[in-house]
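Participant: Take a look and give me a structure for this.
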Amino acid sequence: MRIKILLAAVFAVLLSGCVDTPDAEGWRSSQKNEFLKILKTDKYASICDQQALYAKVKESRNSRLMTQMLVAYTNNLANGCIDLQSFQASQHAKKERKIETHYETYIQKVSRADLMMKLRAGQSIEQILKPYVPQYEQFNALIKRYALLRTDTRISADILRKIRLNIERVKLMKSGLGENYALINIPEFVVRIIEKKKTAVAMAVVVGKTRLQTPIFSADLQYVTLNPQWSVPDSIARNEIIPKLIKDPNYLTKKRMVIRSSYDLNSKKLTPGSVDLESYVGGKGDVPFKFIEVPSVRNGLGRVKFIFPNRHSVYMHDTQSKYLFKRKVRTYSHGCVRLEKPIVMLKYITKHYTSQNPEQVKEWYDSLKTHHLALSRRLPVHTAYLTAYVDECNDLLIFNDIYGFDKSQKLNFKITVEHGI
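Facilitator: Below you'll find the predicted structure:
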């Protein structure tokens, strides 16, 4: 009797259509409904260049078209909707004009087979998309502001495009930001240490000149150097140090510099007369002798630098040119990031990211001798280019396009707004 009742109940459920069985393509009705709901509001701002396909999906609910849309939407979410081919061409053109520029785009692989496996396993669309949703809180903040302002007749098309462009830039940032990281926002001239979505430290910075741009990339902070020497890069040696030394034989003494066979201060000592200066004026390539500014209270790098190893030889450091922080536009370095309050940064990093005693670190600092302070916790550093930023007071901040990326990065779709453009 109980078996008959159970079979009758199962049969009734089947007749009512309550069993959400996958179709031949692998889609369940609940998954389709969930995806259409995401697409209706474009929750993750990733329909982009797929408006025509979305229109067909919305009208037909065809499973094969739905699969195409899922793959396209995921790819746009993972890798943004900037025309990277035209952007790379513009970067190449800048380099042809002798502009040092680099913008790292962190492309993620999106596998159709992987997406369909998860779909057939019954995962929700949110679960499927989650690995590709940027963790950085600016992503959702900018999307919300963009959606709100699209209906505001007072907002210009240029501002809307700027906000949307920065949404796409966030997608191209390195994934796995984590809860704690340092963000150097170049057009804002500010560095922040973010702890669990809150700003723990913030200060002004000086960034690279428009022809020697601070590169956009991510790397982990690994150590701090106290009382650093300045190992002059060969490009600066060729174009600045050597020409000045040829003009003024006392230049090295005035600048507290020495010549060595390598960047090791203990390596073979050389003199201007013992090397062929004339052969290394201008141009590119290695210089077989190295210029070093020795550690001192007047060292060009100041008293402390923060190293996140990278192929650009870029780092954060103290500076002697404190007056530059009074200026609104601060593009004066050769690419490195100069800090307004390096001691504040040092104290915070020491306390929260090293196992070293603060008193010992102060003793090293006061010694005027070079010491290295290793980190005991991971702290990613991201140099970013965000010309639109929502701060912790929920205010939208807009910054000037100092390196021209707002112009050279093109969206692969047209922006449409309710009040018209």
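
Participant: how about Ala141, what does it touch?
Facilitator: Remark: with contacts taken as C-beta atoms under 8 Å, 6 or more residues apart in numbering, Ala141 is in contact with 390, 394. No exception for glycine: its C-beta is placed from N, CA and C like everyone else's.

Participant: ok now stretch 272-284, how far from the chain's centre?
Facilitator: For stretch 272-284, the separation from the chain centroid amounts to 37 Å (computed by C-alpha atoms, centre = their mean, to the nearest Å).

Participant: hmm, who's touching the strand ranked longest in the chain?
Facilitator: Of all the segments assigned as strand in the chain under DSSP state E, the longest by residue count is strand 198-208. Taking C-beta under 8 Å, 6+ apart as the criterion, the residues outside strand 198-208 that touch it are 100, 184, 186, 189-194, 213-214, 316, 319, 321, 324-325, 330-341, 344-345, 348, 352, 392.

Participant: Let's see the PyMOL selection covering just the buried ones among the residues you listed.
Facilitator: With 16 or more other C-beta atoms under 10 Å as the burial test, the buried ones among the contacts of strand 198-208 are selected in PyMOL as follows:
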select buried, resi 100+184+186+189+190+191+192+193+194+213+214+316+319+324+325+330+331+333+334+335+336+337+338+339+340+341+345+352
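
Participant: Inside helices: which ones of the contacts of strand 198-208?
Facilitator: Members of the contacts of strand 198-208 lying in helices (criterion: DSSP state H): 344-345, 348, 352.

Participant: Report the rounded mean pLDDT for stretch 164-184.
Facilitator: Averaged across stretch 164-184, pLDDT comes to 93.

Participant: cool, and stretch 296-303?
Facilitator: Average pLDDT, stretch 296-303: 90.

Participant: contacts for it?
Facilitator: Among residues not part of stretch 296-303, those counted as contacts by C-beta under 8 Å, 6+ apart are 226-230, 256, 293, 317-320, 342, 365, 368.

Participant: ok, now stretch 189-196?
Facilitator: When contacts are defined by C-beta under 8 Å, 6+ apart, stretch 189-196 is touched by residues 179-185, 199-207, 316, 329-330, 337, 339, 345, 348, 379.

Participant: Weed out the non-buried ones from the residues you listed.
Facilitator: Buried among the contacts of stretch 189-196 (16+ other C-beta under 10 Å): 180-185, 201-207, 316, 330, 337, 339, 345, 379.

Participant: how does this structure divide into domains?
Facilitator: What automatic domain parsing lists as the domains of the chain is 22-172+393-408, 180-228+295-384, 237-288.

Participant: For these, give me a markdown table that also has distance to Ile415.
Facilitator: Output for the domains of the chain, formatted as a markdown table (distance: least, C-beta to C-beta, whole Å):
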| stretch | distance to Ile415 |
| --- | --- |
| domain 22-172+393-408 | 6 |
| domain 180-228+295-384 | 21 |
| domain 237-288 | 41 |
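
Participant: Nearest to Lys414, out of those?
Facilitator: domain 22-172+393-408 (8.8 Å; C-beta to C-beta).

Participant: does Ile82 have beta-bridge partners, and which?
Facilitator: According to DSSP bridges, the partner residues bridging Ile82 are Leu411.

Participant: quick one: which of the ones in helices among the contacts of strand 198-208 is nearest Ala219?
Facilitator: Met345 (16.5 Å).

Participant: The closest residue to that closest one other than its chain neighbours bridge partners, please.
Facilitator: Ranked by C-beta to C-beta, 6 or more residues apart in numbering and with sequence neighbours excluded, the top spatial neighbour of Met345 is Leu339, at 5.8 Å. In this structure, Leu339 has the following beta-bridge partners (DSSP bridges): Val205.

Participant: What are the boundaries of the helices in the stretch 1-150 of the chain?
Facilitator: Across the stretch 1-150 of the chain, reading from the start of the chain, the helices by DSSP state H, counting those that start in this stretch fall at 2-16, 29-41, 51-60, 63-79, 84-96, 112-120, 125-129, 138-149.

Participant: so of those, which one's packed in deepest?
Facilitator: Between the helices of the stretch 1-150 of the chain, helix 63-79 has the highest mean count of neighbours, a mean of 20, where neighbours are mean count of other C-beta atoms under 10 Å.

Participant: Check which helices and strands that helix sits against.
Facilitator: Counting contacts by 3 or more C-beta pairs under 8 Å, 6 or more residues apart in numbering; DSSP states H and E, helix 63-79 is packed against helix 29-41, helix 51-60, helix 112-120, helix 125-129, helix 157-172.

Participant: out of these, nearest to Tyr106?
Facilitator: Nearest to Tyr106, of all the helices and strands packed on helix 63-79, is helix 157-172, at 6.1 Å by C-beta to C-beta.

Participant: Okay, buried residues for that closest one please.
Facilitator: Quick answer for helix 157-172 (16+ other C-beta under 10 Å): 159-172.

Participant: Any stretches of the chain with poor pLDDT?
Facilitator: Within the chain, the set of residues satisfying pLDDT under 70 comprises 1-18, 417-421.

Participant: switch the cut-off to 80
Facilitator: Across the chain, residues meeting the criterion (pLDDT under 80) sit at 1-19, 176-178, 416-421.

Participant: Pull the number of nearby residues for the residue lying closest to Glu137 once chain neighbours are set aside.
Facilitator: Ranked by C-beta to C-beta, 6+ apart and with sequence neighbours excluded, the top spatial neighbour of Glu137 is Lys197, at 5.2 Å. Summarising burial for Lys197: neighbours were counted as other C-beta atoms under 10 Å, giving 11.

Participant: Correct me if wrong: Lys197 contacts Gln138.
Facilitator: No - contact criterion C-beta atoms under 8 Å: Lys197 and Gln138 do not qualify, at 10.3 Å.

Participant: Please save the CA atoms from stretch 118-127 in CSV.
Facilitator: The C-alpha coordinates for stretch 118-127 follow below in CSV (Å, rounded to 0.1, in the frame of the first residue of the first chain):
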residue,chain,number,x,y,z
LYS,A,118,29.4,22.5,-14.0
LEU,A,119,26.0,23.3,-15.6
ARG,A,120,25.2,19.6,-16.1
ALA,A,121,26.3,18.9,-12.5
GLY,A,122,23.4,21.2,-11.4
GLN,A,123,25.5,24.2,-10.2
SER,A,124,23.7,27.5,-10.1
ILE,A,125,24.7,30.2,-12.6
GLU,A,126,26.1,32.3,-9.7
GLN,A,127,28.3,29.3,-8.7
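
Participant: Run through who's touching that stretch.
Facilitator: 22, 26-28, 30-31, 34-35, 38, 67, 70, 128.

Participant: from the residues you listed, which two are the most distant?
Facilitator: Looking across the contacts of stretch 118-127, with C-beta to C-beta as the criterion, the two at the greatest separation are Pro22 and Ile38, at 18.8 Å.

Participant: I am finished for the moment; much appreciated.
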